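Dropping the sequence and predicted coords here.
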Amino acid sequence: MHELSLCRSLIRQASRVAAEHGAPSIRRVCLRIGPLSGVEVELMREAFPLASHDTPAEGARLEMATSPVRVHCPRCAQEAEARVNDLTCPHCGHWQTRLIGGDELLLVSVDLASASTEPLVPPS
């Protein structure tokens, strides 16, 4: 299950961000995953708690959004969404397209806990 090593790597990156900002912990990690990335979303969901144990990300929420498969067609110079199993150009039908999206695994954002012990909103 390479998703566990992917989660560990993402948590290392998120932990560096937390350290740079002096945050004691991470509340949420947001990813964008393409269907051609080779990443199984459910396995990521299962691996994240294991990988985050005893790290600043322990207890953090993992949010994952999928991105569409996108191709560029050299024949008609169009960019378009395509299906995972059919990368032909939907405009002209040309089969020699170039993949421009859908194979990514991106760390989109990291929400950090505040280092302050004071409430963010003063009591009324």
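That came in fine, so what should we check first?

Could you use CA atoms for every contact and neighbour count after this?
OK.

which intervals of this structure have sub-threshold pLDDT?
For the chain, applying pLDDT under 70 flags the ranges 1, 116-124.

residue ranges of the helices in it, please?
Applying DSSP state H to the chain gives helices spanning 2-20, 41-52.

And for the longest one, what's in contact with it?
Just to be clear, that refers to helix 2-20. Applying CA atoms under 8 Å, 6 or more residues apart in numbering, the set of residues contacting helix 2-20 from outside is 24-26, 29, 39-40, 43-44, 47-48, 50-52, 55-57, 107, 110, 112.

Give me the residue at the spatial middle of this structure.
Central residue of the chain (CA atoms, centre = their mean): Leu31, 1.9 Å from the mean position.

does Ala65 really touch Val41, like I thought?
No: applying CA atoms under 8 Å, one finds Ala65 not in contact with Val41, separated by 9.4 Å.

re the thing from before, got CSV for the helices of the chain, with mean neighbour count too?
Listed next are the helices of the chain as CSV, based on neighbours: other CA atoms under 10 Å:
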stretch, mean neighbour count
helix 2-20, 17
helix 41-52, 17
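
ok, the nearest residue to Thr88 once chain neighbours are set aside to Leu43 distance?
Leaving out its chain neighbours, the residue that sits closest to Thr88 by CA to CA, 6 or more residues apart in numbering is Trp95, at 4.4 Å. Separation of Trp95 from Leu43 (CA to CA, to the nearest Å): 32 Å.

what's the answer for Thr88, then?
30 Å.

now Leu87
Leu87 is 26 Å from Leu43, by CA to CA.

ok, Glu81 - contacts?
Pro68, Val69, Arg70, Val71, Pro90.

is it true that the second one touches Asp103?
Just to be clear, that refers to Val69. Yes: with contacts counted by CA under 8 Å, Val69 reaches Asp103, the gap being 7.4 Å.

So for the two, which sits in the more crowded spot?
Val69 (22 against 18; other CA atoms under 10 Å).
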